Every structure is written in structure tokens, then in C-alpha cells.
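S.K.: Next one to model:
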Amino acid sequence: MNHLTHIEPLEDRIAPATIINPYTVTFQDTDGDAAIVKISKPLFKNAVAAGNILIFTTNDGSAETFGGNSVGESLSEINLLGRTGAQGMNISVKVIPQVGVGNGQVDVGNIAAANFSVSDQVSQGIDLGSVYIQGNLGQITAGAAGYFFTPAVKSLTVLSMNQGLQSDVLGPIGKLNVLGDFNADLNVINYQFGIIGKLNIGGSLTGDAAGDNGTGVIEFTGHIGSATIGNITGTSANETGVLTGTSANPSRIGSLHVLGSITGGAGEDSGAVFAESSIGKVTVDGSVTGGSGQNSGEIIGPLGKVNIQGGLTGGSGTSSGTLIGETVSTLGTAVPVAIGTVTIGGDLTGGTAGVTETSSTAPTAGDSGIISAAGAKSITIEGSLIGGSAGDTNGVIVANSVNSLTIGQSITGGSASDSGIITGQSGVLTMKYGSIVVNGDVTGGTGPASGAILIDGAIGGTIANLRIGGDVVGGTADTTGEIFSTGALTTGVIKGSLIGNTAIGSTTAVVASGYIQAGDIGTLVIQGNVTSGSNSGGEIANSGAIRSAGNILSLTIQGAVTGTAANPVFISAAQGPGKSAKPKTDVAIGSVTIGQAAAYLDLLAGYGPTVSTATDPAGAPLGTPVDGSAQIGAVTFKSTLSASNVVAGVEPDSNGQFGTMGDAAIPAKLGDLQSFIASIIVGGQATGDSTPTDSFGFVAEKLQTVEVDGTAIPTDHLTVGTPEAVNGTNLFLLEVS
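M.R.: Purely as a prediction, here's the structure:
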């Protein structure tokens, strides 16, 4: 064992560089620190041998030699090229403690243990053992060609790597421990053997102070077992603050723990994490935030478990502030893949305006503040889902299948289109959501398709279980405050109200504002009210409406239903489930119960959800008549009913009114079935409105049971085609041929 007790601190004799023995050299650095270099192989045999390995320079940049002047010197390089005797050698460069002298660290410019050509071919390469630098390491090259299974560097511990230089290592690094910041460029290569077993960066992985592109980058071709990093931060330069596997290799990260935040910068591809094959577990104690640069503030790859304790926030750059389940094929095509579980402790928020990207194409802001994947086991946003204000697709959850999705607070649309929404990828045939829970409101914004849940696969999209803790409120543009599924909505509960927006002033028609539609609706309960909307500037359709392209088995509205003469509340279903050539039933609407007063309601069986916004009465937005055999089961109004229609399989007259002699059965039939309404029970009074020329009706080919205010109204004597007034009002019972 070599003892250093005979070296007295602060004496000039420790400078210049001095050979203590074949394993040890001491010197004084330019800050005045006494330093010691130790190696595990006896290569410091004499001054010439040591001088060929340890390259010193003085402050003025001139070369220093063993036995030369006694001024402080920098260890600019440890040169091991061609020295096969150094294979597997340990290296340590430390400060000899002294009180009140130096800065307590000693820097090394470069450790050269391999030469790399442009094509990543290595020559004069050796593997290293444990390397410890009690200061900054500017650059390192290592790795013996052909030694795939042995570590190129067994372990590397430094205080920092912040000179922005490129380091290349051929083969595995067992442990990489950077106590401070990492601003260099490290490439760990050799196909699947480009490995970092354990990575720790106590400070930030970020670009260098000079603003160089491609700094603060760790790239690997194989895998990283585990990584712990203080912060990952992009800068104004491109490709800064990046932990990435190469897309041409099956790169993966076992686990990543970011003690602070991941933050994109103004540069493209800044503040980002990527792996081709998988990222097993990601934990971010802070937030993930996009920058103004394209692809900034991103986590991309097949993801296992993700926990971001803060928020996920888009920036003003395209694809910024995003969490993407994606892999890249050998042809360079991005392929969406499933992710495991995702938890965001704060809000998921879309981006803002003000693009400052350096891309020559300068795309507009969009695709920011996004969780996107082919599918997921579970997604939990403990805060709110908030739409952005620029471009499009801001503040969005995009997944084709999710077992469970929970929003702890509310969904709020923004001024950008496709903002503040839950949806799937375009062109996908089927989408499947197990449960969707929103503990607050779902509120549309001013941008089209904002503040909405849109499960719209080309063939089918299903929601097994929907729970909304507050209101569903329409916005001022199309498809806002909407819940939509091309397939089944099996079970749904809205604890608040369904409200069409009344602040619309668009000069063009606004469609689907405060709206629910599904291919089939199983059981839907709205504990509050249903209110239609209005558009002071133009037409409106499907505002405060509920429609099914198939059937509605059970609908309960515990509050009131309130429409207007210009825009009634529409509840419609197209047809029942009959599939055989001679079906026995065609129940489009199984049962409907409304707890409080209903006014200006159109409850329609046999009508598809596609609407017209034409201004003539006959083209009023009833929906598309598709089934003249449609049937309704039990309809119960626990309070009063006014200015409303309950209709099965019948079209209105030329004025768009029901309950008149001009009503006619929808021509399309399911087999030879007859449309009917099993029962209509009104707990209070049932009337039309105060305009004598208006007409409203309970209309089908067959009305079975009608009861108003506790009194049964016989239907067996009705004459086909002849309306019969209810209690002398302009509400009529009518059976059509």
C-alpha cells in the first residue's frame, strides 16, 4: 500500500508533476490544489513513461514536463492509446486535502483509451476499470474492439462533465456517476452491448453554457439498467438535455427517476427521453414541460409505468410537453404502441401561442401537452385536463384502448381546435375504453372539438363505464362539451347537468354543443337537468341533446328538461337490435324517466343522429328518419310536460310538426313490425303551448297506454290518421298508418 503521509501540504515540492512510485504521480493544479493520480498498473516507471501518459499544460497553454517549472498545471489528457498493458486499469485523480487552498477539485481534459473513426470503428482501444475524477472530466474514449461482454469502463465517477465535448465508449459502462451537471455528449455504442448498467447524474442533464447543439446528450445503442437524474433541461440549442437510445437498435431503459423536472427549451429535440424498445418505469418528482422548440419536453417509447408528480404542460413548439407511447420501425416510421399505467399528479395542459422553433419548416404550435399511445392499462390525471390556445391538438389524451381513465378534477376545452379532449388516433378501426371517470365538469371551449370525450373508431368505439362528477357543458363551436362513442356507452352517470351553450354568436350553424351520442346506450343517468342551447347568430343543432345510432335501453333524467321553441331538447334512437329476417321487436328506446318538469322535448324513436341545420321547418334538426318500425317502451314524466313530442317511427308534416294529419310513417321498415309506444305516464299536466297553430303529439302506428295527471286516456278507440287532443290542448294522440 502506498502511503502519502510524507507529502507535506502547501510545500512547493509537490509541483511540478512528481513520480512517487510506478503507480502514483502528484502535481499542483492551476487553482493551487495538491492533486494525486493513481493507477492500478505500474506504468509510471520513469519521467518519460509518465510524461507520455499524463499530458500537462500550464495556464498559458504551454506543455508542462516532469521536472520542469513549479507553476500550477492542468492535466489536459490521460493518454492510454496503444498501451495494451493498461487493459482494465483503474484510474483515480483526487485532491490532497489542504485547508484554505484551491477549489477542492482537479479537472481532467480527456481520458483517451481508444481511437474512433467516423464509422465508429475503434483502434488502439482498451477497456478501463474503475475511473474516479474529483473534478470535471471533459472527454473520454474507451473500449477494446472484439470484447463485447466485458465492460469498456467498469465504473466512471466524476464531479461533472461540462465541456460539451463528444465522448465515445465501445461496449458497456457498468456505472456512470456524475455528481454535478452533465453537459457533454456521450455515445455508448456497440449494438446491444452499448450499455450503461447504472446511471446517476446528481445535477442536470442539459446543454453547455456556450449554447452548442448536441450537448448534454447521452446516447446508447443497447440499454440502461436504471437512471437517476436531477433534472433534464433543454436549452436554446438543438438536441440538448437528451437521454436517448438509437432508433436503429432495440434500445431500452429499465427505470428512470428524475428528481426534479423535464423541461424543453427553444431548441428542437431538447429536454427529451427516448428508447426504441421500452422504458420500464418513469418517475418524475417535478413536472414535464414543453418549450418553444419542436419535440421539446418529451418522453417517448413503449412505456411501462409512468408517474409524474407535477403537471404535464405543452409548450409553444410542436410536439412539446408530451408523453408518447411510440416506437420507430426500421423504415423510420413512427408506430404507436401501448403504455402501461400513467399517473400525472397535476394538470395536463395544452400549449400556448408564440412559436420560436429553429426548424426550417417552422410548424405552427400544436400537438403539445399530450398523452398519446395505442392503448394503456390506466391513465390518471389527478388535476384537470385543460385545452390549449394555439394551433391544434393541445391538452389531449389520445389512446385507442384504456382499461381505466380518471380525471381528478375537470375537462376544459381551449381556444385551439382539438384541445382538452379524450380521443383516439385517427383512422383506427376500433377503440375501447373500460371506464372513464371525470370528477368535475366537462366544458367545451371556443375551439372546435374542445372539452370533449370522443371515442370514435371507424368501425366502433366503446365506453363500458362513464362517470362525470359535475356538468357537461357545450362550448361555442362544433363538437364542444360532447361525449361521443361510435359503439356502445354501456353505463353512464352524470351527477350534474347536460347543458347546451347559450352564448353562441356564430353566423354559421353550430353542431354538437353539450351533447351525448353513442352507437348504443345501455343505462344513462343524469342526476341534474338537461337544457338545450341557442345561437344568436345562426342555426344550432344537437345542443343539449342525447342521441343513439342504435338504441337506448334506459335513460333517467332526475332533474328538469328544458328546451326552446327554436331548439328543443332532442332525445333520439335509430333502431332496436333486431337482426333476424322476421324480428319480433324493434325497441329503439327501452325506458325513459324524467323527474321534474319537461318542456320543449322531442323524444324520437327511429331517428338517426345525423341532423340538418336548414332553416325551413321541415328541415329542422330532428335527425335522420331511418326506421318506421321503431318502438318505445315505458316513458315516465314524474312532473308536468309541455310543448313536447313523443314519437316512434313517424315523420312530421310539411311544417315540421307532430300530431297532425300530415304525419306519416317513416317508409323504411324492419320486417313487417309496427311502430308503437308501450306507455306514456305524465305525473302532472300535459299540454302543448300557447300558440294555437302549433301542434305536438304522442305519435306512433300504435299507442298502448297513456296516462296524464293520474287519469288514463283510452287509446283503443283512436282512428288512424286522426289526431285527438289531450284535455283540449294542442297536444294530440295520433296513430298513423
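S.K.: Show me what the helix or strand encompassing residue 571 packs onto, helices and strands only.
M.R.: According to DSSP states H and E, residue 571 maps onto strand 569-573. Packed against strand 569-573 by the contact rule (3 or more Cβ pairs under 8 Å, 6 or more residues apart in numbering; DSSP states H and E) you find strand 540-548, strand 552-557, strand 587-594, strand 601-605, strand 607-608. Every C-beta, even on glycine, is put in place using the N, C-alpha and C of the backbone.
S.K.: And the ones you listed: which comes nearest residue 655?
M.R.: Proximity to residue 655 (Cβ to Cβ) singles out strand 601-605 among the helices and strands packed on strand 569-573, at 14.5 Å.
S.K.: what sits up against the closest one?
M.R.: By Cβ atoms under 8 Å, 6 or more residues apart in numbering, the surrounding residues in contact with strand 601-605 are 561, 563, 568-573, 588-589, 592, 594, 622-623, 627, 630-632, 635, 641, 644-649, 675, 677.
S.K.: that older thread, if we look at the strand holding residue 571, which residues are touching it?
M.R.: For strand 569-573, contacts defined as Cβ under 8 Å, 6+ apart pick out 521, 530-532, 542, 544-548, 550-552, 555, 561-563, 588-589, 592, 600-609, 621-623, 630.
S.K.: okay if I get the helices and strands packed on strand 569-573 as CSV plus mean neighbour count, mean pLDDT and distance to residue 399?
M.R.: Putting these into CSV (neighbours: other Cβ atoms under 10 Å; pLDDT from 0 to 100; distance: least, Cβ to Cβ, whole Å) gives the following:
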stretch, mean neighbour count, mean pLDDT, distance to residue 399
strand 540-548, 29, 95, 24
strand 552-557, 23, 98, 27
strand 587-594, 24, 97, 31
strand 601-605, 28, 98, 33
strand 607-608, 24, 95, 28
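S.K.: Columns distance to residue 451 on top of those, output as CSV?
M.R.: Conversion of the helices and strands packed on strand 569-573 to CSV gives the following (distance: least, Cβ to Cβ, whole Å):
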stretch, distance to residue 451
strand 540-548, 14
strand 552-557, 21
strand 587-594, 26
strand 601-605, 25
strand 607-608, 25
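S.K.: Residue 417: which of the ones you listed is closest?
M.R.: Closest to residue 417 of those is strand 540-548 (Cβ to Cβ; 18.2 Å).
S.K.: Output that closest one as CSV, restricted to C-alpha atoms.
M.R.: Below are the C-alpha coordinates for strand 540-548, written out as CSV (Å, rounded to 0.1, in the frame of the first residue of the first chain):
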residue,chain,number,x,y,z
ILE,A,540,-77.8,25.3,-33.9
ALA,A,541,-78.2,21.5,-33.8
ASN,A,542,-77.6,18.7,-31.2
SER,A,543,-77.2,21.2,-28.4
GLY,A,544,-78.2,19.8,-25.1
ALA,A,545,-79.2,16.6,-26.9
ILE,A,546,-78.9,12.8,-26.4
ARG,A,547,-78.8,10.5,-29.4
SER,A,548,-78.1,6.9,-30.2
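S.K.: list the helices and strands it packs on?
M.R.: Using 3+ Cβ pairs under 8 Å, 6+ apart: strand 540-548 touches strand 498-499, strand 510-526, strand 530-531, strand 569-573.
S.K.: Quick check: which of the ones you listed is nearest to residue 253?
M.R.: Nearest to residue 253 among those is strand 510-526; the distance by Cβ to Cβ comes to 39.5 Å.
S.K.: Give the other helices and strands that the closest one contacts.
M.R.: Using 3+ Cβ pairs under 8 Å, 6+ apart as the contact definition, the elements that strand 510-526 packs against are strand 460-468, strand 472-473, strand 480-494, strand 498-499, strand 540-548, strand 552-557.
S.K.: Does anything pack onto the longest one? Which helices or strands?
M.R.: Spelled out, it's strand 480-494. Contact here means 3+ Cβ pairs under 8 Å, 6+ apart; on that basis strand 480-494 packs against strand 430-438, strand 442-443, strand 452-455, strand 460-468, strand 472-473, strand 510-526.
S.K.: can you put the ones you listed in CSV and add mean neighbour count?
M.R.: CSV is the format used below for those (neighbours: other Cβ atoms under 10 Å):
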stretch, mean neighbour count
strand 430-438, 21
strand 442-443, 29
strand 452-455, 27
strand 460-468, 21
strand 472-473, 28
strand 510-526, 25
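S.K.: can you redo those strands as CSV with mean pLDDT and distance to residue 292?
M.R.: Below are the helices and strands packed on strand 480-494 laid out as CSV (pLDDT from 0 to 100; distance: least, Cβ to Cβ, whole Å):
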stretch, mean pLDDT, distance to residue 292
strand 430-438, 95, 31
strand 442-443, 98, 28
strand 452-455, 96, 27
strand 460-468, 95, 34
strand 472-473, 98, 32
strand 510-526, 96, 33
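S.K.: mind checking which of those strands is nearest residue 317?
M.R.: It's strand 452-455; of the helices and strands packed on strand 480-494, that one is closest to residue 317 (Cβ to Cβ) at 24.5 Å.
S.K.: So what are the sheet partners of the closest one and their directions?
M.R.: Next to strand 452-455 in the sheet, as set by DSSP bridges, lie strand 417-423 (parallel), strand 480-494 (parallel).
S.K.: what about the stretch 201-350 of the chain, any weak spots by pLDDT?
M.R.: By pLDDT under 70, the weakly predicted segments of the stretch 201-350 of the chain are 328-332.
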